[in-house]
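Participant: okay, here's the prediction I keep looking at, along with the sequence it came from:
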Amino acid sequence: MNQEINFIPLDYDYFDWQGKNYVKILGRDDKGKRVCLIDRFEPYFWAILKEGTSDKKIQQIQDKIKKIKIKGMSRITNVEKTEIHNKNFLGKPVKAIKIFITNYKDAHPVADHLGMKEIIARREYDLPLVTHYIIEKKLKPLCWYKISGEILNNSQEFGGIDSVLEVDTCIKVEKISELSDKPAFQPKILAFDIEADEFEIGKGEIVMISLVSNSLKKVLTCKKTAKKQDYVETFKDEADMLEAFVNIVKEQSPDLLVGYFSDGFDLPYLRARAEHNKVKLSLGLDGRQPAFARGRLPSAQLFGIVHIDLFRFISSVYSQYLQSETLSLNEVSSELLGEGKKDFNHKHSSKLDHQEWLEYFEYNLQDSILTYKLAEKFWPDMLELSKIVQEPLFEIARNTMAQNVENYIIHNLEKYNEIAEKHPTHDEIGERMQREKYEGAFVFQPTAALYENLAIFDFTSMYASIIVTHNLSKASFSEKKQPGFLEVDIGKDKKSHKVYFSSKPSFFALMLSEIIEKRKKYKAEYKTHPSALTFATSNSYKLLANASYGYQGFFGARYYCVEAAAATAALAREFIHNLIEKINKQDYKVIYADTDGVSFLLQDKTKKQTFDFLKQLNKQLPGIMELELEDFYKRGLWVTKRTGEFGAKKKYALIDEKGKLKIRGFETVRRDWCTLARQLQNKVLASILQDGNETSALEIIKETIKNIKERKIDKKDIMIRTQLKKPLSEYKSIMPHVVAAQKIKEQGKPIDIGMVIEYFIAETREKKALVREKVKLPDEKGEYNIKYYLEHQILPAVENIIEVFNINLKEIIDGKRQKKLGEF
DNA sequence: GAGCTCTTCTTACC
DNA sequence: ACTGGTAAGAAGAGCTC
């Protein structure tokens, strides 16, 4: 039976049938029905031929290739056919043999049989099957298509796959065409969260599971409690509760199953308890249990329902744009939703009283509510990134930006008739990692002072625009001088090292130029017609553009080219130096610069003169390079380094004409300083920048010092937070946060990389020399160490700010000038 | 064990 | 190991005297 439907793909998987590869794609039709497509994938890869190989020789090689046979345990792979194509590889025209094989899994062993000396490279046998499929059949994730094909209804084809799949329709694809009008698509989201008595995966029972969607708010528990809310349902045991969980997921039939840290906790825990209780956790639409892909971080995958761990998406793609200092659900949702987690003092479930049970249920439900709301908030971002990068949602939610850049390139190579470069081998990665660092950005040495009337110019997407304008990439790079090539010196420490780049635009530069253009287009569109979707589109292009420079210098990149990265940085230095010179020549005074931005004093110049000057500067810039006014500022403060008399780089505070502060690098913005020091410094900076003098700032400092000495400081304000960056055992230097982490471990709590450890420095009975010997955890009894907080938190935070006014705060605190300023 | 430099470590900037 | 280099600064490690 043949049918035609409108279809949007959400999830991709593949399977073998009679030794051949098939892809199954799960999505929805325009009526919201679940549809699974089954499509054949004819795997192939490329053998690139040496230039000038004769047609006769090529014919001989083809004949040889056709005879290759791989006999495995369960299947035999043959070379099905070969074709000769004119392709490009790294921008150069090549002749290549397209080798079609029976099964993709044998691509590697087949490639290993291609030792002929005329074959200079074998490519695209290392692309993931689904990626290859999307490129080949042009069935991009989350775009609408018209599909025609044969409906499978209890068909024996593919071993009766359609009767196993829990879908409305299963279609064997015959034709795919793009749909011109695009029906709206809003995914059904189901958020979930579990609570357990133990932190260790699977160790204790799961106490409760909450589930939230647009039509559901529920908490499942296997504990008998005297009181419970209406949304709580009690089950006789854990096994029953787990089965109910599976059934609710099936009833809800969501497109996305969303958790927060669920790759690392909730799903592994559920699996472990399901195993323990001999319950089948068949959440996938194919009836399978979650599959855990190994990797640095585990990924829990279900077929047909896209499992998204929002924590992972946020940390790999969005964290740099968040203010939150940890990526905890509480902080992230407070920032983005204006609503945090419910208060609940965690206890073992056997020790909870009636009231605490009610609080616990509410707490658990709230976690799912927050996760649900965050998923709604991030849906446009995941959707757009998935459509632009053309990789499935499951991957998009887990990939890093380097992978996104790479996938964008791979999915866009066809336009340039390019064969994809291979992934570096383990040895190549090792070599790349051992390479010496190249010289990076220039940072101007400022002079510490309080300045008035400033402006900042900066280059828009500087590195990306340099790459595009100067065509810096692997495909255009040459070690040797060639006519018409751009010469860039990427030498370090006064040693010259010249590299060259062709002026013929490479696919890398062209793609990046398109990314920048699209970013501009959608940014403008957002300005006139603001919507979450256009913002997400614009933002996705921005993220890709920003990561492209780092990508070329990244050791794991297929299109790795440090020379291009080093040349980008070298040219950026040249541009910023020239800019500084031009600004100073115009009778402005440059006081600071870092990478792509310059801060300068207006002196007696007007804003109009400055805008005209900017226009003039822009006329002199090549290609797509562009300089913009960041803003005008009323005052700006730069301080000296704590060691030495020079101005500190990457540390300054500005106030604009509306009185808004912009603080960079100062302790105020560093999470490893206590709130007390950070808030005090913030107040001091604000008052100095507002008033233009230090008078009231000194009063604020005085007051704080007095409060510290009188032990009036709230305990929460003296907590120091530091992140664990590696396993406890790997620390060579035992620092305060390591000691704090050890203490937490002794309490039987789990310690993991990435955790932010909280502690304070306490008074000790005996005199202790080291800070780490005075470390206490927030819940430990003990008074804060006055001397430590005065000398190691407060003083360093404000000392060099006050020093700008030639006042020595240290002497004041030490009491050397107590007669003059006795109140200290 | 005071006083110094060097190393390790974290977190910022762009 | 999962974009790059530049920089500040705390605290421990290791040394000398």
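Facilitator: Perfect, thanks for sending it. Residues are numbered from 1 along each chain as shown, chains lettered A, B, ... in the order given.

Participant: and stretch A:792-806, end to end?
Facilitator: 21 Å (C-alpha to C-alpha, to the nearest Å).

Participant: got the residues of the stretch 101-250 of chain A near DNA strand B?
Facilitator: When proximity is defined by C-beta under 7 Å from any atom of the strand, the stretch 101-250 of chain A lies next to DNA strand B nowhere. Yep, even glycine has a C-beta here, placed from its N, CA and C like the rest.

Participant: what of the stretch 501-650 of chain A?
Facilitator: A:594, A:595, A:596, A:597, A:650.

Participant: around the last one, count how many other residues there are.
Facilitator: Around residue A:650 sit 11 other residues, with neighbours defined as other C-beta atoms under 10 Å.

Participant: likewise the second one?
Facilitator: A total of 17 residues lie near residue A:595 under the criterion other C-beta under 10 Å.

Participant: so who does it touch?
Facilitator: A:441, A:442, A:443, A:462, A:572, A:576 (C-beta atoms under 8 Å, 6 or more residues apart in numbering).

Participant: sorry, back to before: which ones, among the residues of the stretch 501-650 of chain A next to DNA strand B, also lie beside DNA strand C?
Facilitator: Among these, the residues within reach of DNA strand C (C-beta under 7 Å from any atom of the strand) are A:595, A:650.

Participant: max pairwise distance over the residues of the stretch 501-650 of chain A next to DNA strand B: which two?
Facilitator: Of all pairs drawn from those, the widest gap by C-beta to C-beta lies between A:596 and A:650 and measures 13.7 Å.

Participant: wait, is residue A:765 part of a strand?
Facilitator: No: Residue A:765 is assigned coil when assessed by DSSP: H, G, I helix; E, B strand; the rest coil, not a strand.

Participant: how close does it sit to residue A:783?
Facilitator: Here residue A:765 is placed at a distance of 11 Å from residue A:783 (C-beta to C-beta, to the nearest Å).

Participant: so how far is residue A:652 from residue A:697?
Facilitator: Note on residue A:697: its distance to residue A:652, by C-beta to C-beta, is 16 Å.

Participant: before we move on, what about residue A:337?
Facilitator: Distance from residue A:337 to residue A:652, counting by C-beta to C-beta: 32 Å.

Participant: who has more neighbours, the two?
Facilitator: Using other C-beta under 10 Å, the more surrounded residue of residue A:337 and residue A:652 is residue A:652, with 24 against 14.

Participant: now the helices for the stretch 1-150 of chain A?
Facilitator: Secondary structure of the stretch 1-150 of chain A by DSSP state H, counting those that start in this stretch: the helices cover A:55-66, A:107-112, A:129-137.

Participant: between the ones you listed, which gets nearest to DNA strand C?
Facilitator: helix A:129-137 (14.9 Å; C-beta to the nearest atom of the strand).

Participant: tell me what the closest one is packed against?
Facilitator: Here helix A:129-137 touches strand A:2-17, strand A:20-29, helix A:401-411, going by 3 or more C-beta pairs under 8 Å, 6 or more residues apart in numbering; DSSP states H and E.

Participant: the first one to strand A:20-29, inter-axis angle?
Facilitator: Meaning strand A:2-17. On the basis of axes from the mean of the first three to the mean of the last three C-alpha atoms, to 10 degrees, strand A:2-17 is oriented at 140 degrees to strand A:20-29.

Participant: export strand A:2-17 to PDB, keeping only CA atoms.
Facilitator: Extracted in PDB, the C-alpha atoms of strand A:2-17 (Å, rounded to 0.1, in the frame of the first residue of the first chain):
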ATOM      1  CA  ASN A   2       1.500   3.300  -1.000                       C
ATOM      2  CA  GLN A   3       1.000   6.500   0.800                       C
ATOM      3  CA  GLU A   4       2.200  10.100   0.800                       C
ATOM      4  CA  ILE A   5       2.700  12.000   4.100                       C
ATOM      5  CA  ASN A   6       4.200  15.300   5.400                       C
ATOM      6  CA  PHE A   7       6.900  14.400   7.800                       C
ATOM      7  CA  ILE A   8       9.400  16.100  10.200                       C
ATOM      8  CA  PRO A   9      12.400  14.000  11.400                       C
ATOM      9  CA  LEU A  10      13.300  14.000  15.000                       C
ATOM     10  CA  ASP A  11      15.500  11.000  15.700                       C
ATOM     11  CA  TYR A  12      17.700   8.700  13.600                       C
ATOM     12  CA  ASP A  13      19.000   5.200  14.100                       C
ATOM     13  CA  TYR A  14      20.200   2.400  11.800                       C
ATOM     14  CA  PHE A  15      20.000  -1.300  11.700                       C
ATOM     15  CA  ASP A  16      21.200  -4.200   9.500                       C
ATOM     16  CA  TRP A  17      18.900  -6.400   7.500                       C
END
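
Participant: and it, which residues are buried?
Facilitator: A:5, A:6, A:7, A:8, A:9, A:10, A:11, A:12, A:13, A:14 (16 or more other C-beta atoms under 10 Å).

Participant: swap in stretch A:759-776?
Facilitator: Neighbour counts over stretch A:759-776 (16+ other C-beta under 10 Å) mark A:759, A:760, A:761, A:762, A:772, A:774, A:775, A:776 as buried.

Participant: check contacts around the closest residue to the fourth one other than its chain neighbours.
Facilitator: This means residue A:762. Excluding the flanking residues, the one nearest residue A:762 by C-beta to C-beta, 6 or more residues apart in numbering is residue A:782, at 3.8 Å. When contacts are counted by C-beta under 8 Å, 6+ apart, residue A:782 touches A:762, A:763, A:776.

Participant: give me phi/psi at the closest residue to residue A:727 other than its chain neighbours?
Facilitator: Spatial nearest neighbour of residue A:727, excluding adjacent residues (C-beta to C-beta, 6+ apart): residue A:753 at 6.4 Å. For residue A:753, the backbone dihedrals (degrees, to the nearest 10) come out as phi -60, psi 140.

Participant: quick one: the strands in the stretch 201-350 of chain A?
Facilitator: With strands called from DSSP state E, counting those that start in this stretch, the stretch 201-350 of chain A shows them at A:206-213, A:216-221, A:232-234, A:256-259, A:291-293, A:299-301, A:306-309.

Participant: what about residue A:43, how many neighbours?
Facilitator: 25.

Participant: for residue A:574, same thing?
Facilitator: Residue A:574: 14 neighbours (other C-beta under 10 Å).

Participant: now do the contacts for it.
Facilitator: Residue A:574 neighbours (C-beta under 8 Å, 6+ apart): none.

Participant: the helix or strand hosting it and DNA strand C in contact?
Facilitator: Element membership of residue A:574 [criterion: DSSP states H and E] is helix A:562-585. Yes: using C-beta under 7 Å from any atom of the strand, helix A:562-585 reaches DNA strand C at A:565, A:569.

Participant: in that helix, what's buried?
Facilitator: A:562-572, A:575-576, A:579-580, A:582-583.

Participant: what about the residue nearest to residue A:275 when sequence neighbours are not counted, distance to DNA strand C?
Facilitator: Sequence neighbours aside, residue A:202 is the residue nearest to residue A:275 in space, at 7.7 Å (criterion: C-beta to C-beta, 6+ apart). Distance, residue A:202 to DNA strand C, by C-beta to the nearest atom of the strand, to the nearest Å: 24 Å.

Participant: what's the separation between residue A:202 and residue A:270?
Facilitator: Counting by C-beta to C-beta, the gap between residue A:202 and residue A:270 amounts to 9 Å.

Participant: now residue A:283
Facilitator: From residue A:283 to residue A:270 the distance is 9 Å (C-beta to C-beta).

Participant: equivalent analysis for residue A:650, please.
Facilitator: 45 Å.

Participant: the residue of the stretch 1-150 of chain A found nearest DNA strand C: how many residues sit nearby?
Facilitator: Closest approach of the stretch 1-150 of chain A to DNA strand C (C-beta to the nearest atom of the strand) occurs at residue A:126, with a separation of 12.5 Å. A count of nearby residues for residue A:126, using other C-beta under 10 Å, gives 15.

Participant: in contact with it, which residues?
Facilitator: Contacts of residue A:126 by C-beta under 8 Å, 6+ apart are A:107, A:108, A:422, A:423.

Participant: in which helix or strand would I find residue A:482?
Facilitator: Using DSSP H and E, no helix or strand contains residue A:482.
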